[in-house]
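[1] Got a sequence here, can you model it:
(chains A and B)
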Amino acid sequence: MDPKLIDDKVVVNAARGIGLELAPEHVPGVVTYFRMIAGMAEIVNAFPLDDAAEHAAVFTPCPAPTRE
Amino acid sequence: MPGADAGVTAIAAAVRGGSVSATEVTSAALARIEAIDPRLNCFTSVTAERALAEAASVDAARAAGRDPGGLAGVPYAVKNLFDIAGLPTLAGSKINAERAAATHDALLIQRLKSAGAVLLGALNMDEYAYGFTTENTHYGPTRNPHALDRIAGGSSGGSAAAVAGGLVPFTLGSDTNGSIRVPSSLCGVFGLKPTFGRLPRTGTFPFVASLDHLGLFTRSVRDLAAAYDAMQGADYGDAACASRSAEPCGTQLDRGSAGLRVAIAEDYFELRASEEALEAVYLAACALNATQRVVLPETARARAAAYIITASEGANLHLENLRQRAQDFEPLSRDRFLAGALVPATWYLQAQRFRYWYAKRVAELFKDVDAIIAPATPVSATAIGAETVTIAGATMPVRPNMGIFTQPISFIGLPVAAVPVYRAGRMPIGVQVIAAPWREDICLRIAAALEAAGIAQSPIAAS
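    From the prediction side, this is the model:
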């Protein structure tokens, strides 16, 4: 997402989509920080990763409780 | 009677040897907190009654001929995201103050109690650990003991300042993106952020589960090793904790740095550092005869990925409170939390995939070097309330940028010793000594070598 496309309307609607009603006084700050995150995402998403590049978080199955 | 400058090992030796009681040491530390803390604002709770009871228990053990523990009678305190039985776990927030009191101590507190250490209280921090300055609107800013108008760094600012001010000889903190290393640098104390998964986080309030580490602060490397060794060991209560046995470091310190290949991090780290940060790295490198230089690949991208993961996981954890009561969050970080809730899953997942790629590439560097030195912060402590800082001609916001050198390292969980480089009459600033995963021993051996050379020192601030 191009950070320049992010404005009050975009963040208010995106927030509403996850059940988050932004107070009017919070909107300018949220726009600023969401633009900042979007800029970071542009940097990360521009990097080519091959199909074998796995997610860093590894799930560990939980062992069944032992019988006393 | 050990004075305010007595460290962990000196106090433990004195108490174990019977030249002073744990009760005397504890009473002296409580008196220092009462006298000095109103100026620094490190403590959010002082657990005096509990501390005196723990000290009495240590004294009783010794009187009965039982081993009082390796840290007998050593006072300490913890960042207020650690559970302390009987207190709500604030994590720097107003919201958590409404929660029920913790019913158990965090696991690391339990381990320290078993070793004979005495808990004196809980310490100030940025709300929910989202910050690098400890300018906490709810509980007030923690002040830097070396200059009361400056920040202590964060988010473990109370922990670093309490050690720098001589209130206690060691403290515990947490580090997600730099929250031990930044305040270590700005307050001029030693810090250790172990490998991700080394110290169990059981009984602590999370910030970003993928990135959260626990660690500690002291004023000497020997003290750092002694307290760290007492806390090691796996625990199934923390899903990220590695199933590794304790690997004590205290016995390794006398080996010095001979034979270790130390390199200086260039490129990203040099381009964004102030003159004083570069001077600190230069002084450390000279003392270690380090001339090799390395480039960590794609470091700016690593920092960006850490930023996305932090924003997304941090916001997810607090989403219900953000929906219901956003006005009760810290004004300095509330809008960042709200923005983090909007991060699309694909940005988050790409950042996690890049994390693994980056970890593998950086690991390759450790074929040719044993440790890497990098600045810990771009500048020394800025003024409380400052919004921006100018570095190398670029003006940038202080709060997100104090962690530009720490964030890419914790992103891949490498162990780091934060080492205060001594410059008489000037504000403290530190360097990071970074090693391969699980090689905290190397970080501490190099830190000890810098301390022995007089390059690294942590005198108590005259606050």
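[2] C-alpha from now on. contacts and neighbour counts both.
    Noted.
[3] Show me what counts as buried in the longest helix belonging to chain A.
    Counting by DSSP state H, the longest helix found in chain A is helix A:27-45. For helix A:27-45, a neighbour-count test (16 or more other Cα atoms under 10 Å in any protein chain shown) marks A:27, A:29-45 as buried.
[4] quick one: contacts for B:Arg261?
    B:Arg261 makes contact with B:290, B:368-371, according to Cα atoms under 8 Å, 6 or more residues apart in numbering or on different chains.
[5] before we move on, what about B:Pro408?
    B:177, B:299-300, B:302-303, B:306.
[6] I'd like these written out as TSV, with distance to chain A and pLDDT added.
    Shown next, in TSV, are these (distance: Cα to the nearest Cα, whole Å; pLDDT from 0 to 100):
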residue	distance to chain A	pLDDT
B:Asn177	15	98
B:Thr299	11	98
B:Ala300	9	97
B:Ala302	8	98
B:Arg303	9	98
B:Ala306	9	98
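[7] top of those by neighbour count?
    B:Asn177 (31 neighbours; other Cα atoms under 10 Å in any protein chain shown).
[8] Not counting residues beside it along the chain, what's closest to it?
    B:Gln407 (4.4 Å; Cα to Cα, 6 or more residues apart in numbering or on different chains).
[9] Check B:Ala240 too.
    Per Cα to Cα, 6+ apart, closest to B:Ala240 is B:Gly197, 5.3 Å.
[10] Quick check: the one you found vs chain A, distance?
    12 Å (Cα to the nearest Cα, to the nearest Å).
[11] That residue: what's it in contact with?
    Counting by Cα under 8 Å, 6+ apart, B:Gly197 has contacts B:213, B:240-242.
[12] Turn these into TSV, columns for secondary structure.
    Listed next are the contacts of B:Gly197 as TSV, based on DSSP: H, G, I helix; E, B strand; the rest coil:
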residue	secondary structure
B:His213	strand
B:Ala240	coil
B:Cys241	coil
B:Ala242	coil
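[13] Out of those, the closest to chain A would be?
    B:Ala240 (9.1 Å; Cα to the nearest Cα).
[14] Pull the contacting residues for the closest residue to chain A within the stretch 101-250 of chain B.
    In the stretch 101-250 of chain B, the residue that lies nearest chain A is B:Ser210 (7.1 Å; Cα to the nearest Cα). Neighbour list for B:Ser210: A:57, B:309 [criterion: Cα under 8 Å, 6+ apart].
[15] and what of B:Ala160?
    B:152, B:171, B:180, B:183-184, B:187, B:189, B:217.
[16] Which of the contacts of B:Pro408 fall in strands?
    Residues from the contacts of B:Pro408 lying in strands, with DSSP state E as the criterion: none.
[17] Can you pull up the most central residue in the chain?
    Just so you know, I chose chain A. A:Ile37 (8.0 Å; Cα atoms, centre = their mean).
[18] actually chain B
    Mean-position check on chain B, Cα atoms, centre = their mean. Result B:Ile180 at 2.3 Å.
[19] show me the contacts for it.
    Here B:Ile180 is in contact with B:154-156, B:160, B:173-174, B:191-193, B:215-217 (Cα under 8 Å, 6+ apart).
[20] How about the residues of chain A by chain B?
    Within chain A, the residues that sit near chain B (Cα under 8 Å from any Cα of the partner chain) are A:11, A:14-15, A:19-21, A:26-27, A:29-31, A:33-34, A:37, A:40-41, A:43-45, A:49, A:53-57, A:60.
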